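S.K.: need a 3D model of the following:
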Amino acid sequence: MRTDRSDVATRIERHTIYPIPLDQRHGRASQLFTLWFGANLNVLTVVTGALATTLFAQSFASGVCAILIGNVIGAVFMALHAAQGPRLGVPQMVQSRGQFGAKGAAFVVALVIFMYVGYAATALVTGGQALHAIVPAASRRDCLVAIGAISLVAAIYGHDLIHWCTRMMTYVSGSAVLLCYVWVLFVHPVPASYLSRGAFSAVGFGEMLSIGALWQIGYAPYVSDYSRYLPPDTGPRAAFWSCYTGTILGAALPMVLGALIGPAVLDGDVVAAITRLTGGVSTAIVLLFAPGVAVAGAICFYGGALAVITLIQTLDARWRAGARARITITTVMFAAALLLGSVGATDFLPLYDRFNELLLYVLVPWTAVNLVDYYLVRLGRYHVPSFFAADGGVYGRYNAAALGCYVLGIVVQMPFVASDAYTGPIARALGGVDLSWIVGLLVVGPVYFLVLRHWPAAAGANPESV
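M.R.: From the prediction side, this is the model:
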């Protein structure tokens, strides 16, 4: 049963990680387009694109190619998670218990919590930079706190307000991106040297392609959180294409802008570069950009709170979290992100790149197991009550096949890793090109499928979802 309520965004959400009742399902698959389009239109996405022509020293042309290819590939895996929310009605991390077991999923959930705090911190840093550019009299820390406070309020209200905010960002932050392009291409064009600086290198191209792919794969733990309120008859194709097109367009437009203005970035401050290049309209542009970063922070706080609740409920199946618990946990996550953002703000771009690298290695095997299990093993049929059973119900406490394949995914990636901290022997032989995530996807998915085909008991029962 669908419910179309125009006032839900003004209420604090009552639901946490438990199945959304059918009489409270609402919305359309097309709303996933504006969610992911609007969520990507922020300064942090511009910062990510700027890595191509700053940290990775690519030419504008090769940087744009790497950005586009990475996003197109990564978004496939991200958007495939979209259909899971309407069918199962639970957040993504809860659904992971169907693959890894009730206790086995806890490790992955803990990693995702770390991811949420890290991404929230980066959102606050870039948001603080944007607000400081508008109000230079305020300190960067005060600006960071202000952006974080806006994010916190939106996260407290929850799912429907975040959907509404991202729809607004489609127009607000979209205007900022459009105005930037008009200004730096036609009104006061950037120097021609910006387009010819740098050069193609296999290492830099591969790194930027990986960053683009991770940008999308990094959303995978979020996706069902924002599709679980949709009616269960929402078609998987409609959900996929709404997410896929929205997230690619929303990410590619600001990332390409970042690559364009990259040569103007000094000390990792992309906002300052935008301000210098756009002159008289810089205040308007940064003002339009600032809310988008706050919305990105809200998405991290909201999803992070659901993940923390999932982890606690794993340890104590009798505990049932309500709105008050979610609000408390969200506030604690805000404090953690604020502390992390304050510490890391002085050396932001290199830290952000290392953080992305770490996430890439740990998220790839999880998404491979999750998608193969959902689409090829169980065909979308899960016993949802078992997700909340202390013993894991039909899925048990641990799924040895899933956990083994996850560990395998980490291990097979290591020889192909190329990072500041560690470079594997194969990556070194390839001149520093990082192919680890590709190898992880190509190995984990097929191995997990073949293991369950020859060891079906490892998958547990396969009842219809309720």
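S.K.: what is the neighbour count of the closest residue to A296 other than its chain neighbours?
M.R.: Once flanking residues are discounted, A296 sits nearest to A123: 4.5 Å by CB to CB, 6 or more residues apart in numbering. All C-beta atoms are positioned from the backbone trio N, CA, C, and that covers glycine. Residues within reach of A123, counting by other CB atoms under 10 Å, total 29.
S.K.: cool, L339 as well?
M.R.: 12.
S.K.: next: C65.
M.R.: C65, neighbours per other CB under 10 Å, totals 17.
S.K.: surely it touches F205?
M.R.: Yes. Judged on CB atoms under 8 Å, C65 makes contact with F205 at a distance of 7.5 Å.
S.K.: so which helix or strand of this protein has the lowest pLDDT on average?
M.R.: Least confident helix or strand of the chain, by mean pLDDT, DSSP states H and E, is helix 348-372 with a mean of 78.
S.K.: just after that one, pick out the following helix or strand.
M.R.: helix 400-413 (DSSP states H and E).
S.K.: which other helices and strands contact that following helix?
M.R.: The helices and strands touching helix 400-413, judged by 3 or more CB pairs under 8 Å, 6 or more residues apart in numbering; DSSP states H and E, are helix 97-100, helix 348-372, helix 436-454.
S.K.: give the buried residues for stretch 52-70.
M.R.: The neighbour-count check on stretch 52-70 (16 or more other CB atoms under 10 Å) flags 52-60, 62-68, 70 as buried.
S.K.: so which of those residues are in helices?
M.R.: 60, 62-68, 70 (DSSP state H).
S.K.: export the residues you listed to a markdown table and tack on distance to L44 and pLDDT?
M.R.: Shown next, in a markdown table, are these (distance: CB to CB, whole Å; pLDDT from 0 to 100):
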| residue | distance to L44 | pLDDT |
| --- | --- | --- |
| F60 | 20 | 96 |
| S62 | 22 | 97 |
| G63 | 17 | 96 |
| V64 | 18 | 97 |
| C65 | 22 | 98 |
| A66 | 18 | 97 |
| I67 | 14 | 98 |
| L68 | 18 | 98 |
| G70 | 16 | 96 |
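S.K.: V308 - how many residues pack around it?
M.R.: Around V308 there are 26 residues (other CB under 10 Å).
S.K.: got phi/psi on it?
M.R.: phi -60, psi -40 (degrees, to the nearest 10).
S.K.: any weak-confidence spans in the stretch 151-300 of the chain?
M.R.: 268 (pLDDT under 70).
S.K.: and the helix or strand encompassing C180, what's buried?
M.R.: C180 belongs to helix 159-182 when assigned by DSSP H and E. Neighbour-count burial for helix 159-182 flags 159-167, 169-170, 172-177, 179-180 (criterion: 16+ other CB under 10 Å).
S.K.: check the residue nearest to A296 and give its pLDDT.
M.R.: According to the prediction, A123 has pLDDT 84.
S.K.: I figured it hits G297, correct?
M.R.: Yes. Between A123 and G297 there is a contact under CB under 8 Å: 4.1 Å.
S.K.: shared neighbours of the two, anything?
M.R.: By CB atoms under 8 Å, 6 or more residues apart in numbering, A123 and G297 have these common neighbours: 147, 151, 337.
S.K.: so what's the second one closest to, chain neighbours aside?
M.R.: By the measure of CB to CB, 6+ apart, the closest residue to S151 outside its immediate chain neighbours is G297, 3.1 Å from it.
S.K.: quick one: buried residues of the helix or strand containing I248?
M.R.: If you go by DSSP H and E, I248 is part of helix 236-261. Neighbour counts over helix 236-261 (16+ other CB under 10 Å) mark 236, 238-261 as buried.
S.K.: how about the next helix or strand after that helix: buried residues?
M.R.: Once the chain leaves helix 236-261, the next helix or strand it forms, by DSSP H and E, is helix 270-278. Across helix 270-278, burial judged by 16+ other CB under 10 Å covers 270-275, 277-278.
S.K.: make TSV from the residues you listed and add distance to L408 to it.
M.R.: TSV is the format used below for the buried residues of helix 270-278 (distance: CB to CB, whole Å):
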residue	distance to L408
V270	38
V271	42
A272	44
A273	42
I274	43
T275	47
L277	47
T278	48
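S.K.: wait, which of the residues you listed is closest to A402?
M.R.: Ranked by distance to A402 (CB to CB), the buried residues of helix 270-278 are led by V270 at 39.0 Å.
S.K.: I figured I248 hits A75, correct?
M.R.: Yes. In this structure I248 lies within contact range of A75 using CB under 8 Å: 5.0 Å.
S.K.: which neighbours do these two share?
M.R.: Joint contacts of I248 and A75 (CB under 8 Å, 6+ apart) are Q216.
S.K.: follow-up on the earlier one: helices or strands up against the helix holding I248?
M.R.: Partner elements for helix 236-261 (3+ CB pairs under 8 Å, 6+ apart): helix 31-40, helix 43-50, helix 60-80, helix 84-88, helix 159-182, helix 193-196, helix 202-217, helix 270-278.
S.K.: ok, which of the ones you listed comes nearest A290?
M.R.: Across the helices and strands packed on helix 236-261, closest to A290 is helix 43-50 (CB to CB), at 7.8 Å.
S.K.: on that earlier part again, tabulate the helices and strands packed on helix 236-261 (JSON lines), appending distance to M333.
M.R.: Below are the helices and strands packed on helix 236-261 laid out as JSON lines (distance: least, CB to CB, whole Å):
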{"stretch": "helix 31-40", "distance to M333": "18"}
{"stretch": "helix 43-50", "distance to M333": "17"}
{"stretch": "helix 60-80", "distance to M333": "22"}
{"stretch": "helix 84-88", "distance to M333": "22"}
{"stretch": "helix 159-182", "distance to M333": "15"}
{"stretch": "helix 193-196", "distance to M333": "38"}
{"stretch": "helix 202-217", "distance to M333": "21"}
{"stretch": "helix 270-278", "distance to M333": "24"}
